[in-house]
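In: pasting the structure only:
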DNA sequence: ACTATACTTGACCAATTTAGTCAGGTATGT
DNA sequence: ACATACCTGACTAAATTGGTCAAGTATAGT
């Protein structure tokens, strides 16, 4: 079970954005250089972030991206959801009321995976961009 | 971030094994039929479980597998470790004392991923096979 | 001794996903 | 007009996944 780079990059880019968008919109080029992420790839990621209204875009020279909410209102869940980074532990194709994969009973580990998914998602729902920013400035001090 | 079927199958198979190995060794064929997992694939998985001494094998007719420890001594961590289902959130190739990927500073989200990894692993370290067995018999009642 | 059962090992493979690249656009401030 | 920077979609190489297939070896029962 691993995180995809799309999810990781999205969070890295947004932390970067949050640190610099107070003055001017931040161009993807800058983020690309600072975070070492390919510009083309960033464009894909930001188009998704924009679709989910996590960022706003400003076109033209001196344009770039800005957060469309406050850092404490942007949770990891929101970011991951935007870039299709989803937590998937259960695979049962067909789940009826009482059974998995058409069987009469729930598969023996079904509850376990549900529990795990909840456990992970709770983590993502609690953490906001602001938390990460704090953590980061503390480190520099 | 998703669980691979190797990890899922390993846990399912071991729960099955734990329920039936009190009387006789359990053959992979039986597990295969009960859990709907391909026999060939189960063989791969059990060879790993055996290597990590989670199960013992008995060859020949009436042979099969048996747990080599008590269910409460087998944690999810042990199972996942055996079948190479590892939790990987951080990707930084080179991490020196203070930096990632050769840079001077830790990447802004490094602590976050570490935290997430710990959060998930804690879950795996707490859960034992016994917990799953209990949960399962409760369900049938 | 023979045979059926069941573990053992390793090679192989198709499909999917991932992590991007590439090649064009379009909008806008100066 | 022109440079900057967003926008969009097609494409692809490499890795991973989720297996299958083939050819063993060990052992219990007859």
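Out: Received it, and whenever you're ready, just let me know what you need. As the structure is a prediction and not an experimental result, all values here were calculated from the model. Residues are numbered from 1 along each chain as shown, chains lettered A, B, ... in the order given.

In: which residues of chain A score low on pLDDT?
Out: Residues of chain A meeting the criterion pLDDT under 70: A:92-106, A:137-141.

In: how about the strands in it?
Out: Taking DSSP state E as the test, the strands found in chain A are A:55-58, A:64-67.

In: so for chain B, which of these sits nearest?
Out: Closest approach to chain B among the strands of chain A (CB to the nearest CB): strand A:64-67, 15.2 Å. For every residue, glycine as well, the C-beta is placed using N, CA and C.

In: before we move on, the earlier item: could you dump the strands of chain A to JSON lines with distance to DNA strand D and mean neighbour count?
Out: Below are the strands of chain A laid out as JSON lines (distance: least, CB to the nearest atom of the strand, whole Å; neighbours: other CB atoms under 10 Å in any protein chain shown):
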{"stretch": "strand A:55-58", "distance to DNA strand D": "3", "mean neighbour count": "17"}
{"stretch": "strand A:64-67", "distance to DNA strand D": "4", "mean neighbour count": "20"}
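
In: reformat these as JSON lines; add distance to residue B:28.
Out: Converted to JSON lines, the strands of chain A look like this (distance: least, CB to CB, whole Å):
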{"stretch": "strand A:55-58", "distance to residue B:28": "51"}
{"stretch": "strand A:64-67", "distance to residue B:28": "54"}
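
In: for DNA strand C, find the nearest of these.
Out: Smallest distance to DNA strand C across the strands of chain A (CB to the nearest atom of the strand): 6.9 Å, for strand A:55-58.

In: check which helices and strands that closest one sits against.
Out: Counting contacts by 3 or more CB pairs under 8 Å, 6 or more residues apart in numbering or on different chains; DSSP states H and E, strand A:55-58 is packed against helix A:39-51, strand A:64-67.

In: most tightly packed of those?
Out: strand A:64-67 (a mean of 20; mean count of other CB atoms under 10 Å in any protein chain shown).

In: residues in contact with that one?
Out: A:14, A:17-18, A:21, A:24-28, A:30, A:46, A:50, A:54-58, A:74, A:129 (CB atoms under 8 Å, 6 or more residues apart in numbering or on different chains).
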